[in-house]
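Chemist: sequence? don't have it. structure:
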Ligand SMILES: NC(=O)c1ccc[n+]([C@@H]2O[C@H](COP(=O)([O-])OP(=O)(O)OC[C@H]3O[C@@H](n4cnc5c(N)ncnc54)[C@H](OP(=O)(O)O)[C@@H]3O)[C@@H](O)[C@H]2O)c1
């Protein structure tokens, strides 16, 4: 059974991913830090793995990841703690997870990033500008590794139920996308090793998720 280690496993995307993976017969391991989420994660079918990106070092996280086949990074400070926390989680946290995955011998690494056009044309705070800059540099960091990476850039995330239909592409117009469908797209990428070393933009759309992701596979 394929093991998928999810950094940010109790997050809104992370827990949807854990649940969908468990339903497909994978073993999701969910890194989380709030003990109150333990039972919820188990109920979703995940193996809860306790640890914080603020405390773990490469060797410790690598030890937790060892034995997993795929790593997914879907953690984020979510605007809490200002720029410093965004830098620590979305930025250095990603670098930590990449280094730990490499040390654990995990080749396949998926990153949930952000759509570059997010909130363009709107008045945004310095904190948001910093968030976008950190997200981009996280993409750069992963893209410069020799891992089998995929960077997924969803539009604005919605909690409305998934439709099972999306639009994906190397460059698509900006839009929204339910978190359920982001998780579904991650599952489809995990199922398709030929979708590799590519940055995928994702919004809601008209194409079944699997079919849409399959179009991005290398021949
Ligand atoms: N909101 C949007 O419209 C949007 C659009 C595109 C992309 N994104 C990105 O998509 C990703 C997933 O979004 P989401 O809605 O699932 O976010 P979320 O619900 O805030 O999940 C982020 C997870 O990261 C975890 N985390 C934070 N600090 C941590 C630490 N020190 N150690 C371990 N885990 C930590 C959080 O745990 P705690 O609950 O314990 O803090 C949380 O479970 C994020 O990276 C976000 O930036 C968001």
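Modeler: Cool, got the structure. A quick note: this is a predicted structure, and the numbers were derived from the prediction, not measured. Residues are numbered from 1 along each chain as shown.
Chemist: any low-confidence regions in the chain?
Modeler: Along the chain, the parts satisfying pLDDT under 70 run over 219.
Chemist: what does it put close to the ligand?
Modeler: Residues of the chain found near the ligand (CB under 6 Å from any ligand atom) are 8, 10-14, 31, 33-34, 52-54, 74-78, 89-90, 112, 114, 154, 156-157. For the C-beta atoms, the positions are set from N, CA and C on the backbone; glycine is no exception.
Chemist: residue in the protein nearest to the ligand?
Modeler: Here the residue of the chain nearest the ligand is residue 11; by CB to the nearest ligand atom that distance is 2.2 Å.
Chemist: give the contact list for that residue.
Modeler: Going by CB atoms under 8 Å, 6 or more residues apart in numbering, residue 11 touches 74-76.
Chemist: ok, residue 164 next?
Modeler: Residue 164 is in contact with 181, 184, 208-209, counting by CB under 8 Å, 6+ apart.
Chemist: confirm that residue 120 sits in a strand.
Modeler: No. Assignment of residue 120 by DSSP: H, G, I helix; E, B strand; the rest coil gives coil, placing it outside any strand.
Chemist: from residue 203, how far out is it?
Modeler: For residue 120, the distance to residue 203 (CB to CB, to the nearest Å) stands at 14 Å.
Chemist: just want to know which of these two has more residues nearby.
Modeler: Neighbour tally, residue 120 and residue 203, criterion other CB atoms under 10 Å: the higher count belongs to residue 203, 20 against 10.
Chemist: quick check: beta-bridge partners of residue 157?
Modeler: Beta-bridge partners for residue 157, by DSSP bridges, are residue 177.
Chemist: actually residue 7, not the one I wrote
Modeler: Beta-bridge partners recorded for residue 7 (DSSP bridges): residue 31, residue 73.
Chemist: pull the number of nearby residues for it.
Modeler: 31.
Chemist: shouldn't it be in contact with residue 51?
Modeler: No. Contact criterion CB atoms under 8 Å: residue 7 and residue 51 do not qualify, at 9.1 Å.
Chemist: overlap in contacts, those two.
Modeler: residue 31.
Chemist: helices or strands up against the helix or strand that contains residue 201?
Modeler: Assigned by DSSP states H and E, residue 201 belongs to strand 198-204. Under the contact definition 3 or more CB pairs under 8 Å, 6 or more residues apart in numbering; DSSP states H and E, strand 198-204 sits against strand 148-154, strand 165-169, strand 176-178, helix 179-191.
Chemist: in helices, which of the residues of the chain next to the ligand fall?
Modeler: Residues of the residues of the chain next to the ligand located in helices (DSSP state H): 12-14.
Chemist: give me the residues contacting the lengthiest helix in the chain.
Modeler: Longest helix of the chain, by residue count under DSSP H: helix 126-143. Residues outside helix 126-143 that contact it (CB under 8 Å, 6+ apart): 79, 82-83, 86-87, 90-91, 94-95, 98, 109, 111, 113-114, 116, 118-119, 149, 151, 153, 197, 199.
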